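Enquirer: Quick one: sequence plus predicted model below, questions after.
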Amino acid sequence: MSFLTLRIQRAAGQIGSVAVTLLGLLMLTFFIGRLMPADPVRAMVGEDATRETYEQVYRDLGLDRPLWEQFLYYLRDVASGDFGTSIRTGQPVIQDILHVMPATIELATFAIIIGALLGIPMGVLAAVCKDRWPDHAIRVVSLTGHSMPIFWTGMIALIVFYAHLGLVGGSGRMDQFYIGLVEERTGFLLIDSLLAGEMDVFWSAVNHVILPACLLGYSSAAYITRMTRSFMLDQLNQEYVTTARVKGLSQAQTIWLHAFGNIRVQLVTIVALAYGSLLEGAVLIETVFAWPGFGQYLTSNLIIGDMNAVMTCVLIVGVIFIGLNLLSDLLYRVLDPRTRS
Amino acid sequence: MDTLLDVSNLRIRYGGAAREAVRGVSFTLGRERLGIVGESGSGKSTVGRALLKLLPGATITADRLRFEDVDLTLLSEREMLKIRGRRMSMILQDPKFSLNPIRRVGDQVSETYLRHFRCSRREARERALAMLEAVKIRDPERVYRQYPHEVSGGMGQRIMIAMMLLADPDLVIADEPTSALDVTVRLQVLDILDNLVRNRGIGLIMISHDLNLVRNFCDRVLIMYAGQVVETLKAGDLERAEHPYTRGLLAAQPRIGGPRAPLSVLDRKPEWLEENA
């Protein structure tokens, strides 16, 4: 079989498995919508509606049809980009989500960069110094990041770095003063302000994102550190590490030129997963910092039972994870020669 | 014959272990081939790694640990980096694990040269290619670009040999160099190693559990048991061994055309465990 057909076959397999996963995901969101105790009809017509109105809406929504038929309608709507209307805002759900998503992406991206830059070197160091004081120190630092309630650290950090030291901006995405100054084009404030040439707004936005991003980054660093340490320990026991040392490479050279390359694949996976859970939204941090992001949006809609919004949010989280998994699969191919042949 | 290595009363204790893994091993080595034989856990591999000071967490003491003009016990890690690979190297057991799976074979070989000599990448590459040819790899250019999972075990071990001899060391330790290979390619690989070692006048320490292999391949044999050398013999005199452990090992070997009686079972005597002064 030629190389090309093999590749096409592999790509087709990948697309197929993504399609199946997506279908499963849609089923899940559909049934979440049906099984939730919230009554969509009551939410629409209100408590005082007459019985006739209630039944009219019930039929209009297609709720009198068999489940499988409802599911097909749902599939058709999703495929045509119709995710329903939010009861709360009266706008299409997708429009609301596109509005909150960039704020979360901005925060999550900063956070994961900080988390990876902090967590990976700490994990490597901990592995190299296993059972000596740097290892213990790093364990304490990362365990602290992992176990402290983030709403609490968030508030303390706001008090210290914002209220007392004045080093960073407070809550929100920028200073009150600048709100509405920049035209929204991409939704990413950092990009929009640059496009508009408003450097003051840009720096204000950086100032505001840095503290929550550091806190989220610290807590993902805790996870990344632990995983990096165990991946690295695995590699340091391998014989090829001894080979490199026998050749006359120093410990540092052995780690960065030989062992690290072998944990890249695993690192990509866990960093992608950590990024995914950050994109899912960090409700607590978003609440403490009044960050108008995805996490807040999802939670508030869950509480009021706005099912269209909740279903779409779950769908988006699922799609994010499928996408990140696909991405890390592709990176595997690039980083590990054994998966290529 | 000049002495390459002079070891006296070498003792090694792993961190946290109750007993020493190696207890008072002494031997000297010229430009010859010395075999170290023993069962699993006898400390033979530990001795090999201790010579390169590659035993993290272990304590190594010795009355004398001289390699050519240097005292290995006094060398810092930084100074050891100049010894390892350049003057003393080691061939590891299984190329499946001892080659880095994600780097091209050729780059791994030429790395040895680049570490120890000031030269261009191209020169290192030329050297590596020549060395790959010296270990009888037919198409070195092609193999140079391959990854470890694309070469066979025998080929992998020849690559390992090339890597470890590239910087022209004076002493090579071969730690079970053929145990992981198919019987059919064992002799080929040994032959290649033997030729290179002889032609270049390299001292060789061959660590193995295979008595026959060591007998045919080495000049002298050290027999180890429980961290001690129980007997040192010329390879040709192995049949005249006196220590009951060595005799037991020899008796436990099947022979083609020998009597079809059950092989004798090695009778390990507790007094062998005691330290002999």
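Expert: It's in. In this text the structure is predicted, and so the values were computed from the model without any measurement. Residues are numbered from 1 along each chain as shown, chains lettered A, B, ... in the order given.
Enquirer: rest of the way, CA atoms for contacts and neighbours
Expert: OK.
Enquirer: how about the residues of chain B near chain A?
Expert: Taking C-alpha under 8 Å from any C-alpha of the partner chain as the criterion, the neighbours of chain A within chain B are B:52, B:54, B:80-86, B:89-90, B:92, B:97-102, B:112, B:115-116, B:147, B:149, B:164.
Enquirer: Helix or strand: which one has B:Ser110?
Expert: Assigning secondary structure by DSSP states H and E places B:Ser110 in helix B:105-116.
Enquirer: most centrally placed residue in chain B?
Expert: Among the residues of chain B, B:Ala174 comes closest to the average C-alpha position under C-alpha atoms, centre = their mean, at 2.1 Å.
Enquirer: Check what pLDDT it gets.
Expert: As summarised for this prediction, B:Ala174 has a pLDDT of 93.
Enquirer: who touches it in this structure?
Expert: By C-alpha atoms under 8 Å, 6 or more residues apart in numbering or on different chains, the contact list for B:Ala174 reads B:Met90, B:Ile91, B:Leu92, B:Gln93, B:Leu204, B:Ile205, B:Met206, B:Ile207.
Enquirer: Surely it forms part of a strand?
Expert: Yes. Using DSSP: H, G, I helix; E, B strand; the rest coil, the assignment for B:Ala174 is a strand.
Enquirer: which residues does it bridge with?
Expert: B:Ala174 has the following beta-bridge partners by DSSP bridges: B:Ile91, B:Met206.
Enquirer: Which of the three states applies to A:Arg42?
Expert: Reduced to three states by three-state DSSP, A:Arg42 is helix.
Enquirer: Can you tell me which of the contacts of B:Ala174 lies closest to chain A?
Expert: Of all the contacts of B:Ala174, chain A sits closest to B:Met90, with 6.4 Å by C-alpha to the nearest C-alpha.
Enquirer: Next up, the contacts around that closest one.
Expert: By C-alpha under 8 Å, 6+ apart, the contact list for B:Met90 reads A:Thr243, A:Val246, B:Met164, B:Val172, B:Ile173, B:Ala174, B:Asp175.
Enquirer: Quick check: pLDDT value at it.
Expert: Looking at B:Met90, the pLDDT reads 95.
Enquirer: Nearest spatial neighbour of it, chain-adjacent residues omitted?
Expert: Excluding the flanking residues, the one nearest B:Met90 by C-alpha to C-alpha, 6 or more residues apart in numbering or on different chains is B:Ile173, at 4.5 Å.
Enquirer: Could you find the closest non-adjacent residue to A:Thr29?
Expert: Once flanking residues are discounted, A:Thr29 sits nearest to A:Met311: 5.3 Å by C-alpha to C-alpha, 6+ apart.
Enquirer: Neighbours of that neighbour, how many?
Expert: With neighbours defined by other C-alpha atoms under 10 Å in any protein chain shown, the count for A:Met311 comes to 22.
Enquirer: pull the CA atoms of the helix or strand where B:Leu132 lies into CSV?
Expert: Assigned by DSSP H and E, B:Leu132 belongs to helix B:121-134. As requested, C-alpha coordinates have been extracted for helix B:121-134 and formatted as CSV (Å, rounded to 0.1, in the frame of the first residue of the first chain):
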residue,chain,number,x,y,z
ARG,B,121,29.1,19.0,12.7
ARG,B,122,30.2,17.8,9.3
GLU,B,123,33.4,16.4,10.5
ALA,B,124,31.6,14.6,13.3
ARG,B,125,29.2,13.2,10.8
GLU,B,126,32.1,12.0,8.6
ARG,B,127,33.7,10.3,11.6
ALA,B,128,30.4,8.7,12.6
LEU,B,129,29.8,7.4,9.1
ALA,B,130,33.3,5.9,9.0
MET,B,131,32.7,4.3,12.3
LEU,B,132,29.4,2.9,11.2
GLU,B,133,31.2,1.4,8.3
ALA,B,134,33.8,-0.1,10.7
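Enquirer: after that helix comes which helix or strand?
Expert: Beyond helix B:121-134 on the C-terminal side, the first helix or strand identified by DSSP H and E is helix B:140-144.
Enquirer: For that next one, give the mean pLDDT please.
Expert: Computed over helix B:140-144, the mean pLDDT rounds to 94.
Enquirer: can you give me how far that helix is from the chain middle?
Expert: Between the mean C-alpha point of helix B:140-144 and the mean C-alpha point of its chain there is a distance of 26 Å (C-alpha atoms, centre = their mean, to the nearest Å).
Enquirer: Report the buried residues of that helix.
Expert: Within helix B:140-144, the residues that count as buried by 16 or more other C-alpha atoms under 10 Å in any protein chain shown are B:Pro140, B:Glu141, B:Val143, B:Tyr144.
Enquirer: and which of those is nearest to A:Arg7?
Expert: For A:Arg7, the closest of those turns out to be B:Val143, at 24.2 Å, with distances computed as C-alpha to C-alpha.
Enquirer: Which residues are in contact with the closest one?
Expert: With C-alpha under 8 Å, 6+ apart as the criterion, the residues that contact B:Val143 are B:Val105, B:Gly106, B:Ile137, B:Val151.
Enquirer: end-to-end on stretch A:167-183?
Expert: Distance between the two ends of stretch A:167-183: 27 Å, counting by C-alpha to C-alpha, to the nearest Å.
Enquirer: Which residues does that stretch contact?
Expert: Stretch A:167-183 is contacted by residues A:103, A:158, A:161-163, A:189, A:192-193, A:196, A:198, A:201, A:204-205, A:207-211, A:288-292 when judged by C-alpha under 8 Å, 6+ apart.
Enquirer: any weak-confidence spans in chain A?
Expert: With pLDDT under 70 as the threshold, chain A has low-confidence stretches at A:1-3, A:37-38, A:341.
Enquirer: So in it, which helix runs the longest?
Expert: Counting by DSSP state H, the longest helix found in chain A is helix A:199-236.
Enquirer: Buried residues, that helix. List them.
Expert: For helix A:199-236, the neighbour count (16+ other C-alpha under 10 Å) marks A:201-233, A:235-236 as buried.
Enquirer: which bits of the stretch 201-341 of chain A sit near chain B?
Expert: Proximity of the stretch 201-341 of chain A to chain B (C-alpha under 8 Å from any C-alpha) is limited to residues A:238-243, A:245-250, A:258, A:261-262, A:336-338.
Enquirer: let's see 10 Å
Expert: Applying C-alpha under 10 Å from any C-alpha of the partner chain, we find that the stretch 201-341 of chain A lies next to chain B at A:238-251, A:257-259, A:261-262, A:335-338, A:341.
Enquirer: Pretty sure B:Glu231 sits in a strand.
Expert: Yes. The assignment for B:Glu231 (three-state DSSP) places it in a strand.
Enquirer: count of neighbours near A:His258?
Expert: Close neighbours of A:His258, defined as other C-alpha under 10 Å, add up to 22.
Enquirer: Against chain B, how distant is A:Leu195?
Expert: Taking C-alpha to the nearest C-alpha, to the nearest Å as the criterion, A:Leu195 is separated from chain B by 42 Å.
Enquirer: Scan chain B for its longest helix.
Expert: Scanning chain B for the longest helix, with DSSP H as the assignment, gives helix B:183-200.
Enquirer: Could you list every helix and strand in contact with that one?
Expert: If you count contacts as 3 or more C-alpha pairs under 10 Å, 6 or more residues apart in numbering or on different chains; DSSP states H and E, helix B:183-200 packs onto strand B:33-37, helix B:121-134, helix B:153-165, strand B:171-175, strand B:203-208, helix B:211-217.
Enquirer: Low-confidence bits of the stretch 151-277 of chain B, can you list those?
Expert: In the prediction, the stretch 151-277 of chain B carries residues with pLDDT under 70 at positions B:276-277.
Enquirer: Swap in 90 and give it another go.
Expert: Across the stretch 151-277 of chain B, residues meeting the criterion (pLDDT under 90) sit at B:178-188, B:191, B:194, B:196-198, B:200-201, B:209-217, B:225-231, B:233-277.
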